[in-house]
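S.K.: pasting the sequence and the predicted coordinates here, then a few questions.
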Protein chains: 2
Amino acid sequence: MTRAPKFRDTHISLAHGNGGRMMRELIQELFVPALANPQLDTGVDAVSLPVPADQELVVTTDGFTVQPLEFPGGNIGSLAVHGTVNDLAVSGAVPKFMTLSVFLEEGLDIELLRRVIDALANAARECGVAVVAGDTKVVGRGDCDGIYLAATGIGFKPRGTDFALDHVRAGDRIVVSGPIGDHGAAVMLARQEFGLRGDLRSDAASVLPQAQALMTVTGLRFMRDPTRGGLATVAHELARATGLTVRLSEAAIPVNDSVQSVCELLGFDPLYLACEGRLVAVVAPETAEAALTALRTVAPRAALIGDLRVGDSQVVLDTAFGGQRSLDELEDDPLPRIC
Amino acid sequence: MTRAPKFRDTHISLAHGNGGRMMRELIQELFVPALANPQLDTGVDAVSLPVPADQELVVTTDGFTVQPLEFPGGNIGSLAVHGTVNDLAVSGAVPKFMTLSVFLEEGLDIELLRRVIDALANAARECGVAVVAGDTKVVGRGDCDGIYLAATGIGFKPRGTDFALDHVRAGDRIVVSGPIGDHGAAVMLARQEFGLRGDLRSDAASVLPQAQALMTVTGLRFMRDPTRGGLATVAHELARATGLTVRLSEAAIPVNDSVQSVCELLGFDPLYLACEGRLVAVVAPETAEAALTALRTVAPRAALIGDLRVGDSQVVLDTAFGGQRSLDELEDDPLPRIC
């Protein structure tokens, strides 16, 4: 990656957002070299994008306010890519383009911004996504917390591809692509406010390979990435949309020991912690094993963790000790600014 | 517009951003009824959008941090629509869809949020734009200034439509669609920090009718909406991209008396003030009068204000008093948070 050497500002000032010289230099000398791609043209207000023949256009949007801005396993830049890519992936689409809206606080360290943009650029490259349009706003000291990002993802899927909640039926099985809660636990620890240190890393990553592997199997009903609110929140969404009972098996749900320990120590439940590189899918019972096999080619710790049954619209956990408990919908926010 | 009556929260709390019950209710009971359209489905991570045959997909993105959140002539919600629509319009596209990323500060008055979302919804309807995807994040008190928005606009234009800077030639004429600086001046006064009150209103509006009127004329080279940095910044962009001298006639540039007075009083130059409902276009000399005529059908105060000439790459103003002065590129930010 080549960089114009002349960008020498060390901190963001209000003039970096005013449309004039300093904003032009910030964009030309810091953003553009990192994000360079054929579609990115800072001389236009809007960009034309190719739509592949016989494909459906798919769009998603997400804001990112994670605190701290950098955490083990990623930073707000890479997270913005993974979060955006994953929303497209679970809809059955292949992500291709992304727009990026950047909110910067006056006084922000430019080196930190550079690390964030570099991580974003690298994640985008790895995911095959081009950042095709952007906008930068600067607000005064104390009017934002360093950096907020908003990303819109644009992808394409074969016409007729549809993994929506209304395909889910009683008897369907639920699969998760790997251990849950690593992102939430890693960000929580990175805040240091708990006085703990650990070797936890965020699971933030693209779930596109997982989604595409599942899509080779017939009987795939629905996919979702369990971000804010975690696996329990996806389970509630399933219960609410179908009117069925979602039954999860605690013993079957993969949780890393380090996540479990932190949760026990601090009183969190991993079922409600955000993942940023996992996928929850609902599959027909007759192809559930085939789906698991396909998923394990790219996600070795994938597991069948429950099913949907006729009954009250609720989420029930079969505990590891042979009991049952009802999982409530998330109320208070135990962990704000997790993504 | 019907509203579910049960949303009774009066202020935003962190739990409105946590993915759980309160966030679901905020979205279902405040956002969705206002923004209702066939594409908006809160049960999906990503939305499929139709692409008209033989049209090109065009995308733009913008962040909005205007302060105050409400000002004469609009608020941050309507501004987000107009800003987004206008970036598409000047590229020759017709805006159709929009995504919306919302950043809210803990403690925000829900009635204010409602007014913002209502204004956004009304502006979108007037512009023929459907808000098809959204995301809401809540940050703690003091971590944002009430509301920030990021919008991505999606539109379509006939294949081959291209109004880019590289079409501009020496001899081309420059046209502006109406008086400049009203948005910047109105927002400035609304801040009250200057101790002034006036009857100024933002010009914020869709420029789509203006752009479409100009597109009926041959010889249209380039269009741009003069937002941050104002007309002078668009002129500098033209000079930089073409290597030509941009010559503007002060006497020909329409400026409302109220804007002029405020500028004289406070030492601002209307040429650098943001507009949010004006368009600057470059047209071939032989069709400049025809372009002006076409533009005036929808923008009666449109005017030919200058031209491009062989010479140093610079912006020169022929002053109303018969002199000349060079217009510098904007350096410091006299008016942060204008959009």
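M.R.: Received it, and whenever you're ready, just let me know what you need.

S.K.: only C-alpha atoms from now on, for both contacts and neighbour counts.
M.R.: Noted.

S.K.: which residues of the stretch 101-250 of chain A lie near chain B?
M.R.: A:101-103, A:133-139, A:142-145, A:150, A:152, A:164-165, A:224, A:228-229, A:233 (CA under 8 Å from any CA of the partner chain).

S.K.: shaky segments in chain A?
M.R.: The model of chain A has pLDDT under 70 over residues A:1-6, A:193-198.

S.K.: so which residues of it form strands?
M.R.: Along chain A, counting by DSSP state E, strands occupy A:47-49, A:55-64, A:70-71, A:74-75, A:94-105, A:130-139, A:147-158, A:173-176, A:220-224, A:245-249, A:280-283, A:303-309, A:314-318, A:324-326.

S.K.: who's in contact with the longest helix along chain A?
M.R.: Secondary structure of chain A read by DSSP state H shows that its longest helix is helix A:110-127. Contacts with helix A:110-127, where a contact means CA atoms under 8 Å, 6 or more residues apart in numbering or on different chains, come from A:9-12, A:30-31, A:34-35, A:74-82, A:85, A:95, A:130-131, A:206.

S.K.: can we see that at 7 Å?
M.R.: Helix A:110-127 is touched from outside by A:10-12, A:31, A:34-35, A:75-78, A:81, A:130, A:206, with contacts defined as CA atoms under 7 Å, 6 or more residues apart in numbering or on different chains.

S.K.: reformat the strands of chain A as TSV; add mean neighbour count.
M.R.: Listed next are those as TSV, based on neighbours: other CA atoms under 10 Å in any protein chain shown:
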stretch	mean neighbour count
strand A:47-49	20
strand A:55-64	25
strand A:70-71	20
strand A:74-75	23
strand A:94-105	24
strand A:130-139	24
strand A:147-158	25
strand A:173-176	26
strand A:220-224	24
strand A:245-249	23
strand A:280-283	28
strand A:303-309	22
strand A:314-318	20
strand A:324-326	12
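
S.K.: export the ones you listed as a markdown table, with columns for distance to B:R115.
M.R.: Putting those into a markdown table (distance: least, CA to CA, whole Å) gives the following:
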| stretch | distance to B:R115 |
| --- | --- |
| strand A:47-49 | 31 |
| strand A:55-64 | 21 |
| strand A:70-71 | 35 |
| strand A:74-75 | 34 |
| strand A:94-105 | 23 |
| strand A:130-139 | 23 |
| strand A:147-158 | 22 |
| strand A:173-176 | 41 |
| strand A:220-224 | 32 |
| strand A:245-249 | 38 |
| strand A:280-283 | 37 |
| strand A:303-309 | 41 |
| strand A:314-318 | 35 |
| strand A:324-326 | 39 |
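
S.K.: identify whichever of those strands lies nearest to B:E286.
M.R.: strand A:47-49 (28.7 Å; CA to CA).

S.K.: who does the closest one pair up with?
M.R.: Strand A:47-49 pairs in its sheet with strand B:55-64 (antiparallel), by DSSP bridges.

S.K.: what angle separates the partner strand from strand B:94-105?
M.R.: Between strand B:55-64 and strand B:94-105, the angle comes out at 30 degrees (axes from the mean of the first three to the mean of the last three CA atoms, to 10 degrees).

S.K.: what residues does strand B:55-64 touch?
M.R.: Here strand B:55-64 makes contact (CA under 7 Å, 6+ apart) with A:45-50, A:99, A:101, A:133-137, B:76, B:80, B:84, B:87-88, B:93, B:148-159, B:339.

S.K.: how about the residue nearest the centre of chain A: what's its closest non-neighbour residue?
M.R.: Chain A has A:G83 as the residue nearest its centroid, 2.7 Å off, counting by CA atoms, centre = their mean. Residue nearest to A:G83 in three dimensions, not counting chain neighbours: A:E276, with 6.6 Å by CA to CA, 6 or more residues apart in numbering or on different chains.

S.K.: now for that neighbour: which residues touch it?
M.R.: Contacts of A:E276 by CA under 7 Å, 6+ apart are A:G83, A:H183, A:D203, A:A204, A:A205, A:T227.

S.K.: which of the residues you listed sits closest to chain B?
M.R.: Closest to chain B out of the contacts of A:E276 is A:T227 (8.3 Å), distances taken as CA to the nearest CA.

S.K.: check contacts around that closest one.
M.R.: Residues in contact with A:T227 (CA under 7 Å, 6+ apart) are A:A274, A:C275, A:E276.

S.K.: ok, how many other residues are close to the closest residue in space to it that isn't next to it in sequence?
M.R.: Excluding the flanking residues, the one nearest A:T227 by CA to CA, 6+ apart is A:A274, at 4.4 Å. Using other CA atoms under 10 Å in any protein chain shown, A:A274 has 32 neighbouring residues.

S.K.: still on that earlier bit, how far off strand A:94-105 does the longest helix of chain A point, in degrees?
M.R.: If you take the same axes, to 10 degrees, helix A:110-127 sits at 170 degrees to strand A:94-105.

S.K.: for helix A:110-127, C-alpha coordinates in PDB please.
M.R.: What follows is helix A:110-127, C-alpha atoms only, in PDB (Å, rounded to 0.1, in the frame of the first residue of the first chain):
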ATOM      1  CA  ILE A 110      -4.600  10.700  13.300                       C
ATOM      2  CA  GLU A 111      -2.500   7.600  13.800                       C
ATOM      3  CA  LEU A 112      -5.400   5.900  15.500                       C
ATOM      4  CA  LEU A 113      -7.600   6.900  12.600                       C
ATOM      5  CA  ARG A 114      -5.000   5.500  10.200                       C
ATOM      6  CA  ARG A 115      -5.000   2.100  12.000                       C
ATOM      7  CA  VAL A 116      -8.800   2.000  11.900                       C
ATOM      8  CA  ILE A 117      -8.900   2.800   8.100                       C
ATOM      9  CA  ASP A 118      -6.100   0.400   7.400                       C
ATOM     10  CA  ALA A 119      -8.000  -2.400   9.300                       C
ATOM     11  CA  LEU A 120     -11.100  -1.500   7.400                       C
ATOM     12  CA  ALA A 121      -9.300  -1.600   4.100                       C
ATOM     13  CA  ASN A 122      -7.700  -4.900   4.800                       C
ATOM     14  CA  ALA A 123     -11.000  -6.500   6.000                       C
ATOM     15  CA  ALA A 124     -12.700  -5.200   2.900                       C
ATOM     16  CA  ARG A 125     -10.100  -6.600   0.700                       C
ATOM     17  CA  GLU A 126     -10.300 -10.000   2.400                       C
ATOM     18  CA  CYS A 127     -14.000 -10.000   2.000                       C
END
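
S.K.: quick one: it to strand A:147-158, angle?
M.R.: Interaxial angle of helix A:110-127 relative to strand A:147-158 (the same axes, to 10 degrees): 10 degrees.

S.K.: how far off centre is helix A:110-127?
M.R.: 16 Å (CA atoms, centre = their mean, to the nearest Å).

S.K.: can you mark which positions in it are buried?
M.R.: Residues A:110, A:112-113, A:115-124, A:127 are the ones in helix A:110-127 that count as buried (16 or more other CA atoms under 10 Å in any protein chain shown).

S.K.: and what of stretch A:77-94?
M.R.: Those would be A:77-94, for stretch A:77-94 by 16+ other CA under 10 Å.

S.K.: do the same with stretch A:284-299
M.R.: A:284-285, A:287-296, A:298-299.

S.K.: can I get these in TSV with distance to chain B?
M.R.: Output for the buried residues of stretch A:284-299, formatted as TSV (distance: CA to the nearest CA, whole Å):
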residue	distance to chain B
A:A284	20
A:P285	23
A:T287	23
A:A288	22
A:E289	26
A:A290	25
A:A291	21
A:L292	22
A:T293	25
A:A294	23
A:L295	20
A:R296	23
A:V298	22
A:A299	21
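
S.K.: so can I have TSV of those showing distance to A:Q192?
M.R.: Below are the buried residues of stretch A:284-299 laid out as TSV (distance: CA to CA, whole Å):
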residue	distance to A:Q192
A:A284	43
A:P285	44
A:T287	44
A:A288	41
A:E289	41
A:A290	42
A:A291	39
A:L292	37
A:T293	39
A:A294	39
A:L295	35
A:R296	34
A:V298	33
A:A299	30
